[in-house]
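Colleague: Mind looking at a prediction? Sequence and model below.
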Amino acid sequence: MRDLIMLLGAVAIFSCGTACNSGKKVEDTSNVSENNTNMEETQSQSQPQSLPSDSYLTKMGELNVTVLGHASLIFTINGKVIHVDPYSKVADYSKLPKADLILLTHEHSDHFDINAIEQIKKANTRFIVSKVCADSLTYGEVLNNGDKTVFEGIDIQAVPAYNIVSKNSDGEFYHPKGRGNGYVLTFGSEKVYVAGDTENIPEMKQLKDIYIAFLPKNTPYTMTDEMFVDAVQKVSPIYLYPYHFSDFNDKKILKALEKENNKAKVLVRSMSNL
């Protein structure tokens, strides 16, 4: 009996020791896990935010296209970062890559956001802007409609962007002719058309061989569905990104384009990355 009692006591001591050691080990592991989590969060805060993008092969190299939302875009090629119309209400610009070039189409606050610009500009960031934007910034390279320039081997042309129908309560066009810009960027031989705030203006017919197009669709400031379809017909891109919209009836638009025998591949992306 005494031997049995001693045996049971030994088992109890062994069990208790195992449980205590196991508990301590779990606690240590938990602490290590928390430290790793904190480290990962710190690293992610110090690194540019990774956002969904589409990649295209061009003669200059791989072009990555990121739609941040509304009219805000990022083009990345050969390590160079181009921001278009940065706008704080669609993305956290403190987490985005710094800009080598910033393109501004016009002066409205949803396209010309000083807070967003301050988050991404560097000492050597180049600015290509409309005249009204340059007047507000007090710096930047002004392109008027039809003007051209080159950035890191990328040909950039400012093209018209304006209203032909919609006006404000004072009877003035929301976007008067000659005040704002659209831009055509040529990456090797691939042309990317950023329309800016515009309706289906006749100058769109003059654009040739557009590879990727960004066309706005919201009333009353830019285009109705019917205007949008007509603009796609005029521009005839291979890839089409609707942007600057609050709602997009893709079935209706696709059906209308199909009826016109338009083969553009329509890519609808979220209008916010917040």
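Modeller: Sure thing, it's come through. Note that the structure is a prediction, hence the values are computed from the model and not measured. Numbering: from 1, shown residues only.
Colleague: quick one: contacts for the closest residue to residue 239 other than its chain neighbours?
Modeller: Nearest in space to residue 239, with sequence neighbours left out and distances taken as CB to CB, 6 or more residues apart in numbering, is residue 212 at 4.6 Å. (Each C-beta comes from the backbone N, C-alpha and C, glycine too.) Contacts of residue 212 were listed using CB atoms under 8 Å, 6 or more residues apart in numbering, and they are 56, 65, 190-193, 237-241.
Colleague: any idea which of those residues is closest to residue 159?
Modeller: residue 193 (7.7 Å; CB to CB).
Colleague: So what's the gap between the helix or strand hosting the closest one and the chain middle?
Modeller: Using DSSP states H and E, residue 193 sits in strand 190-194. Per CA atoms, centre = their mean, to the nearest Å, the displacement of strand 190-194 from the mean C-alpha position of its chain is 15 Å.
Colleague: quick one: the following helix or strand past that strand to strand 190-194, angle?
Modeller: Elements were assigned by DSSP H and E; along the chain past strand 190-194, the next helix or strand is strand 210-216. Put simply, strand 210-216 runs at 10 degrees to strand 190-194, going by axes from the mean of the first three to the mean of the last three CA atoms, to 10 degrees.
Colleague: What residues sit buried inside whatever helix or strand comes next after strand 210-216?
Modeller: Downstream of strand 210-216, the first helix or strand assigned by DSSP H and E is helix 225-235. The neighbour-count criterion (16 or more other CB atoms under 10 Å) identifies 227-235 as the buried residues of helix 225-235.
Colleague: Farthest pair within those residues?
Modeller: The distance between the two most remote of the buried residues of helix 225-235 (CB to CB) is 12.3 Å, for 227 and 235.
Colleague: can you put the buried residues of helix 225-235 in CSV and add pLDDT and distance to residue 154?
Modeller: Formatted as CSV, the buried residues of helix 225-235 follow (pLDDT from 0 to 100; distance: CB to CB, whole Å):
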residue, pLDDT, distance to residue 154
227, 97, 29
228, 97, 27
229, 97, 30
230, 97, 29
231, 98, 24
232, 98, 24
233, 98, 27
234, 98, 24
235, 98, 19
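Colleague: average model confidence for the strand holding residue 193?
Modeller: Per-residue pLDDT values over strand 190-194 give a mean of 98.
Colleague: Need the contact partners of it.
Modeller: With CB under 8 Å, 6+ apart as the criterion, strand 190-194 contacts 56, 58-59, 63, 65, 73, 75, 84, 103, 105, 159, 182-186, 207, 209-214, 235, 237.
Colleague: Quick check: ChimeraX command selecting the buried ones in those.
Modeller: Those of these that meet the burial criterion (16+ other CB under 10 Å) are gathered into one ChimeraX selection, given here:
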select :56,58,63,65,73,75,84,103,105,159,182,183,184,185,186,207,210,211,212,213,214,235,237
